[in-house]
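The following block contains a protein sequence and its predicted model.
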Amino acid sequence: MCATLRTGLSAPRILSPKNGVANAAEIPFSAVLLCMGSGIVVNFLFRNFSLKWTYSRRKTTLLAIIGMLRMMRGESVGNNILVQSRLMTLSGHRFQKSLNLTHMKILIYADLQKQYLEDLIRQLPKDAEIVLKQELSESELKEALKTTEVLIGNPAVELINPVPASIQFWQLENVGFEQYKDLKYSGIAANVGNMSAAACAETIVAGVLGFYRGVHLMVRNQIENKWVGEKLENELSILGEKQVIILGSGAIAEHVKTMLTAFGCRVKMTAKSDPDADIHSFDKLLKQLVYTDLVVNTLPGNLDKYVSAPFFEAVKQGALYASIGRGNTTDETALVEALESGKLCGAVLDVTEKEPLPENRKLWKMTNVILTQHTGAAHSERDRDKVAKFVENIGQYLKGVKVKDQITLTDGY
């Protein structure tokens, strides 16, 4: 039994796995000495942290130690989220054994705006040890990952390979995860599911509508101070009543279908295994393309170069091609040839084979191409939606039930 100090102070609050607090009367005497002895504090800093600190990390850690002193006196430690995180780490590392705490470590690697980071931390288990990416160097991150149970975010492959055995739940911060498909991981992984489906659908439909109404041409002429609207009138088209084929039948495809149907388009969807899809084989797809005005690609990354030369050869003369699917699903060389030959009237692309698109690629200069530069899922409240997904999935993991957005990394999509 560890000796404790009966202080006589008002009951301050410190971390406890049962109810989030513990009485100051049970604070180990060694903990008090650690915080009050300046020599011991200096020794603690030099033994536990690299001497190559940044100013902000030195300041944060020192403020956290002051926070422990305040905590023991029953005072607030303030609202600085980085100080709170460092305080959690210091108290966890130094007092865990003496207080008999056995909490989990959660490493937040995701890039979130400050207000949403704070919101996420407030909703995580109160007894968890929270570690923030921005507080650690790369070497410290590697060490922290070795004892992390829950990882939130998308670390660089070289940082996470091999995946530490301690990681039992890995919450990704987006939908795609092709970069991790070769990793060996036996824990539970989850992405953000259908979180971005509506935004992606709006992006590609906006591009298609803008193309048919000549918005991209008007913008170019506006930059050059050219008033040529009357000359462009015969080049404009309407979206309504177009024959459309959507490649794929997932959440994005469903949103696109709903929007295009509202415009009056006649829409068919393709999927090999979805019984509700209209087209189930590539051969049948090729036969339907000759009647199709607009093709919208929403395919996952496991279908490499699904849209290639045979596809464009079969498509209706003057059709429009739009892609919000993975960049590798379209053969860019074949696409450029179809655009140059006039087989396609144009293309609306949120994704490309290589990103960023190299400066020497022809797509940059083509006036019949709209590039939205992989911003399809973006919007100002995206971090808010991410946090909601993180909390939902982590909550399901902690309850021991199936995680709604659980994925298999080796699938790559």
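Looks like it arrived, so ask away. Numbers count the residues shown, from 1 in each chain.

low pLDDT regions in the stretch 301-413 of the chain?
Scanning the stretch 301-413 of the chain for pLDDT under 70 picks out nothing.

Strands of that one, start to end?
319-323, 344-349, 369-371, 406-407 (DSSP state E, counting those that start in this stretch).

In TSV, list those along with mean neighbour count and distance to Lys114.
C-beta: built from backbone N, CA, C; applies to glycine. Converted to TSV, the strands of the stretch 301-413 of the chain look like this (neighbours: other Cβ atoms under 10 Å; distance: least, Cβ to Cβ, whole Å):
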stretch	mean neighbour count	distance to Lys114
strand 319-323	24	34
strand 344-349	23	33
strand 369-371	20	31
strand 406-407	17	28
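
could those strands go into TSV alongside distance to Lys146?
As requested, the strands of the stretch 301-413 of the chain are exported to TSV (distance: least, Cβ to Cβ, whole Å):
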stretch	distance to Lys146
strand 319-323	40
strand 344-349	41
strand 369-371	42
strand 406-407	24
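
got the residue ranges for the strands in the stretch 101-250 of the chain?
105-108, 129-132, 150-152, 169-171, 188-190, 243-247.

now these as TSV including mean neighbour count, distance to Arg220 and mean pLDDT?
Below are the strands of the stretch 101-250 of the chain laid out as TSV (neighbours: other Cβ atoms under 10 Å; distance: least, Cβ to Cβ, whole Å; pLDDT from 0 to 100):
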stretch	mean neighbour count	distance to Arg220	mean pLDDT
strand 105-108	23	43	98
strand 129-132	24	44	98
strand 150-152	26	42	99
strand 169-171	26	42	99
strand 188-190	20	43	98
strand 243-247	23	26	99
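
what domains does the record give for this structure?
Split into domains by automatic domain parsing, the chain comes to 1-78, 103-194+379-413, 197-371.

Quick check: Leu286 vs Glu313, distance?
9 Å (Cβ to Cβ, to the nearest Å).

before we move on, what about Gly346?
Applying Cβ to Cβ to Gly346 and Glu313 gives a distance of 18 Å.

next one: His255
30 Å.

higher neighbour count, these two?
His255 (21 against 13; other Cβ atoms under 10 Å).

Not counting sequence-adjacent ones, nearest residue to that one?
Of all residues not flanking His255 in the chain, Ala201 sits nearest, at 3.4 Å (Cβ to Cβ, 6 or more residues apart in numbering).

so who does that neighbour touch?
252, 255-256, 258-259, 324 (Cβ atoms under 8 Å, 6 or more residues apart in numbering).

Apply 7 Å and report the result again.
252, 255-256, 259 (Cβ atoms under 7 Å, 6 or more residues apart in numbering).

and it, what pLDDT?
For Ala201, the pLDDT comes out at 99.

okay, now Ala271: neighbour count?
So Ala271, with other Cβ under 10 Å, has 18 neighbours.

check contacts around it.
So Ala271 contacts 248-249, 277, 280 (Cβ under 7 Å, 6+ apart).

can you do 10 Å?
The contact partners of Ala271, taken as Cβ atoms under 10 Å, 6 or more residues apart in numbering, are 246-250, 253, 277-280, 299.

Next: Asn154.
By Cβ under 10 Å, 6+ apart, Asn154 lies in contact with 109-111, 160, 170-174, 176-177, 179-180, 191.

one more time with 7 Å
Asn154 touches 109, 172-174, counting by Cβ under 7 Å, 6+ apart.

Could you provide the residues you listed in JSON lines, with additional columns for distance to Leu303?
Shown next, in JSON lines, are those (distance: Cβ to Cβ, whole Å):
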{"residue": "Tyr109", "distance to Leu303": "29"}
{"residue": "Leu172", "distance to Leu303": "21"}
{"residue": "Glu173", "distance to Leu303": "24"}
{"residue": "Asn174", "distance to Leu303": "19"}
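
coming back round to it: quick one: the residue nearest to His255 and Leu260, what's the gap?
9 Å.

Kindly export stretch 292-307 (C-alpha atoms) in PDB.
Extracted as PDB, the C-alpha positions of stretch 292-307 are listed here (Å, rounded to 0.1, in the frame of the first residue of the first chain):
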ATOM      1  CA  THR A 292     -26.100   7.700 -72.800                       C
ATOM      2  CA  ASP A 293     -25.600  11.500 -72.700                       C
ATOM      3  CA  LEU A 294     -23.900  11.600 -69.300                       C
ATOM      4  CA  VAL A 295     -21.800   9.100 -67.400                       C
ATOM      5  CA  VAL A 296     -21.000   9.700 -63.700                       C
ATOM      6  CA  ASN A 297     -18.200   7.700 -62.200                       C
ATOM      7  CA  THR A 298     -18.500   7.000 -58.400                       C
ATOM      8  CA  LEU A 299     -16.400   3.800 -58.400                       C
ATOM      9  CA  PRO A 300     -14.100   2.700 -55.500                       C
ATOM     10  CA  GLY A 301     -10.300   2.300 -56.000                       C
ATOM     11  CA  ASN A 302     -10.300  -1.500 -56.400                       C
ATOM     12  CA  LEU A 303     -11.500  -1.100 -60.100                       C
ATOM     13  CA  ASP A 304      -8.300   0.100 -61.700                       C
ATOM     14  CA  LYS A 305      -8.800   1.600 -65.100                       C
ATOM     15  CA  TYR A 306     -12.400   0.400 -65.300                       C
ATOM     16  CA  VAL A 307     -13.100   3.300 -67.600                       C
END
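
residues of it that come out buried?
For stretch 292-307, a neighbour-count test (16 or more other Cβ atoms under 10 Å) marks 292-301, 303, 306-307 as buried.

Let me know the closest of those to Gln222.
Distances from Gln222 to those, taken as Cβ to Cβ, are shortest for Leu294 (25.9 Å).

what's across from that closest one in the sheet?
Judged by DSSP bridges, the bridge partners of Leu294 are Val244, Leu320.

Assess the claim that it and Gly240 are in contact.
No. The criterion here is Cβ atoms under 7 Å, and Leu294 misses it with Gly240 at 11.5 Å.

what's around the residue nearest to Tyr185 when sequence neighbours are not counted, how many residues?
Distance criterion Cβ to Cβ, 6+ apart; nearest residue to Tyr185, sequence neighbours excluded, is Val163 at 4.5 Å. Val163: 19 surrounding residues under other Cβ under 10 Å.
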